[in-house]
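1. only the shape, not the letters, is given here:
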């Protein structure tokens, strides 16, 4: 183990990164460089603690961690499941809570109940396939969309959608509802498999401090 090596964090951009840094600060892990809103920097360093941080698109975080560009990643479980990378998932941060659901108009409920062949629009084809094929044993046609998946049933592209639901207000405004719940989601900490072995002491200390803060 090399105590002079930096531990590198990859954080999903946006609200989650801010929440993650707030939690880390409570454990004594800070990075003043990240507080400069005007900075053009991509990588932020705390020399004293030998830590580096960078912000990445959520879908890229598991890739950075699996391939060793980051030792630790903080990202939503939806992304971890969808990207399906070889990483250790070590901690539920209990933040960014939401649900992955099958949603659609009321009429789609009957199609789901009778396991009819339907079209499902989603940003999460891996999660959708796993749910319908392996859990429900229902044959469906998955349509991958990148934008507002709620449009799918409204314009007749799909019978229903698989998407993240927080409050459900967008669904209600568009005449859709939650028809089936797939699973609860929240932000998680993931670790590179080699890093966990080579930097076990330092990484375990960081994880333990975060866990203690969450459990308070």
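-> Received, thanks. In this text the structure is predicted, and so the values were computed from the model without any measurement.

2. where's the nearest residue to residue 183 once chain neighbours are set aside, which helix or strand?
-> What sits nearest to residue 183 in space, not counting adjacent residues and going by C-beta to C-beta, 6 or more residues apart in numbering, is residue 100, at 5.5 Å. In short, each C-beta sits where N, CA and C put it, glycine included. Using DSSP states H and E, residue 100 sits within strand 98-104.

3. name the helices or strands packed onto the next helix or strand after that strand?
-> On the C-terminal side of strand 98-104, the nearest following helix or strand under DSSP H and E is helix 108-113. Counting contacts by 3 or more C-beta pairs under 8 Å, 6 or more residues apart in numbering; DSSP states H and E, helix 108-113 is packed against strand 118-122, strand 160-165, strand 177-185.

4. next, the buried residues of helix 108-113.
-> 108, 111-112 (16 or more other C-beta atoms under 10 Å).

5. assign a three-state SS to residue 116, would you?
-> coil (DSSP: H, G, I helix; E, B strand; the rest coil).

6. so it versus residue 122, what's the distance?
-> Counting by C-beta to C-beta, to the nearest Å, the gap from residue 116 to residue 122 is 18 Å.

7. circling back: now do the residue nearest to residue 183 against residue 180, distance only.
-> For residue 100 relative to residue 180 (C-beta to C-beta), the value is 10 Å.

8. which one's more surrounded, these two?
-> residue 100 (22 against 18; other C-beta atoms under 10 Å).

9. phi first, then psi, for residue 43.
-> Note on residue 43: its backbone torsions stand at phi -120, psi 130 [degrees, to the nearest 10].

10. I'd assumed residue 55 was in contact with it.
-> No - using C-beta atoms under 8 Å, residue 43 makes no contact with residue 55, being 9.3 Å away.

11. do you know the pLDDT at the residue of the chain most remote from its centre?
-> For the chain, the largest distance from the centre (C-alpha atoms, centre = their mean) belongs to residue 114, which lies 31.2 Å off. In this model, residue 114 is scored at 90, pLDDT.

12. dihedrals phi and psi, it?
-> Dihedral angles of residue 114 (phi, psi; degrees, to the nearest 10) stand at phi -90, psi 10.
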